[in-house]
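Participant: predicted model, plus sequence, below.
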Amino acid sequence: MYKRQGGIRCEKAAPYLERLGFEDVYQLDGGILRYFEDVGADHYEGDCVVFDERGALTPELAPIEQPATDQ
């Protein structure tokens, strides 16, 4: 299993899955954003959701334009 977002959820999820008996549980050292910095978009599809004002990033770490909402 690979989890793409970083943060505390991954830190809790990986040991939990191992306790359930899963053997192939991995975490990226430095998280997905470090992976993007080091490797770029190689072997990655989609966008990366971040939990701040940016909302989501491309593999190039650029914020994704969010469509305007009518209010």
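Facilitator: Yep, it's here.

Participant: that's a helix at residue 33, yeah?
Facilitator: Yes - under DSSP: H, G, I helix; E, B strand; the rest coil, residue 33 sits within a helix.

Participant: pretty sure it is touching residue 48, no?
Facilitator: Yes - using C-beta atoms under 8 Å, residue 33 is in contact with residue 48, at 7.3 Å. (Glycine included, C-beta is placed from N, CA and C.)

Participant: name the residues contacting each of the two.
Facilitator: When contacts are counted by C-beta atoms under 8 Å, 6 or more residues apart in numbering, residue 33 and residue 48 have residue 57 as shared neighbours.

Participant: when the two are compared, which one has more neighbours?
Facilitator: When neighbours are counted by other C-beta atoms under 10 Å, residue 33 and residue 48 differ, and residue 48 comes out ahead with 20 against 16.

Participant: that one pairs with what?
Facilitator: residue 57 (DSSP bridges).

Participant: that one and residue 60, how far apart?
Facilitator: Going from residue 48 to residue 60 by C-beta to C-beta, to the nearest Å gives 10 Å.

Participant: and if you look at residue 44?
Facilitator: Residue 44 is 11 Å from residue 60, by C-beta to C-beta.

Participant: re the thing from before, now do the shared contacts for residue 48 and residue 60.
Facilitator: With C-beta under 8 Å, 6+ apart as the test, residue 48 and residue 60 both reach residue 36.

Participant: just the helices in the chain please.
Facilitator: Secondary structure of the chain, counting by DSSP state H: helices at 8-19, 31-39.

Participant: out of the ones you listed, deepest packed?
Facilitator: The highest mean neighbour count among the helices of the chain, using mean count of other C-beta atoms under 10 Å, belongs to helix 31-39: a mean of 16.
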